[in-house]
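J.: Give me a 3D structure for the following:
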Amino acid sequence: MIKQVSLIAIIAVSASCAVSFDDWAGETNYVDFNQSEPAGEEELLQANVELAVGQMVIQPGSTENAYEVDIHFNELAFRPQVEFQREDGKARLKIGLEGEGQSFRKIGENILSLRLNPETPLQLEASTGIGETNIDLSGMRVRSLSLECGVGETSLSVTQPNRSECDRVEISSGV
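T.: Numbering: from 1, shown residues only. Alright, predicted model coming up:
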């Protein structure tokens with residue numbers, strides 16, 4: 001009973017402490033980064049997407065590209081990290097922003113928008129810290145999904161059937 005009351009008190013205090021990152025923004029210079037990779041013969045795409053602070057959007061994209069990514073970020077605090085490699089019929093994609101935590105005063109509003117080829121079977125791992133997450137896997141070929149959400153609103157949509165057998169779905173959430 002004491003643990004329940006303590007947890008309720010912590011949630012109530014946390015909810016009443018509204019934090020505005022605009023007040024802490026400090027010096028900022030927002031820029032846009034765009035990158036894509038033409039589709040290949042991969043039989044599987046292993047995608048790992050991490051964003052500690054900001055808005056993450058993942059959705060179906062063009063069948064002409066393996067992926068398309070647009071990142072809007074504060075270049076004074078962050079650097080985009082995009083690694084893509086193909087080997088033995090598999091493609092590996094790792095996307096995120098380096099530098100999170102270098103300067104809390106320069107967090108601002110980062111936006112990572114990723115579009116994935118809906119024809120390529122997908123193993124998706126997505127991890128967020130603080131911010132909004134919108135993932136739409138409608139009509140994709142999801143073989144596994146691991147979603148780790150921190151603080152913020154998360155939306156996961158699947159409005160069309162998954163076109164592959166899915167072995168694993170793991171979703172964990174913070175506050």
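J.: Pull up the gap between the most centrally placed residue in the chain and Asp88, please.
T.: Nearest to the mean C-alpha position of the chain, by C-alpha atoms, centre = their mean, lies Met56 at 4.4 Å. From Met56 across to Asp88, the span is 29 Å (C-beta to C-beta, to the nearest Å). Heads up, the C-betas are built off the backbone N, CA and C, glycines and all.
J.: Could you pull up the contacting residues of Pro121?
T.: Counting by C-beta atoms under 8 Å, 6 or more residues apart in numbering, Pro121 touches Glu43, Leu44, Leu45, Arg141, Val142, Arg143, Ser164.
J.: Mind putting those into a markdown table with secondary structure and neighbour count?
T.: Output for the contacts of Pro121, formatted as a markdown table (DSSP: H, G, I helix; E, B strand; the rest coil; neighbours: other C-beta atoms under 10 Å):
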| residue | secondary structure | neighbour count |
| --- | --- | --- |
| Glu43 | coil | 10 |
| Leu44 | strand | 16 |
| Leu45 | strand | 25 |
| Arg141 | coil | 19 |
| Val142 | strand | 22 |
| Arg143 | strand | 18 |
| Ser164 | coil | 15 |
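J.: Can you tell me how far the closest residue to Asn162 other than its chain neighbours is from Pro161?
T.: Using C-beta to C-beta, 6 or more residues apart in numbering and skipping residues adjacent in sequence, the residue nearest Asn162 is Val142, 5.2 Å away. Distance from Val142 to Pro161, counting by C-beta to C-beta: 10 Å.
J.: how about the helices in the protein?
T.: Secondary structure of the chain, counting by DSSP state H: helices at 2-16.
J.: Provide the partner residues of the residue nearest to Asn162 in its beta bridges.
T.: Leu122 (DSSP bridges).
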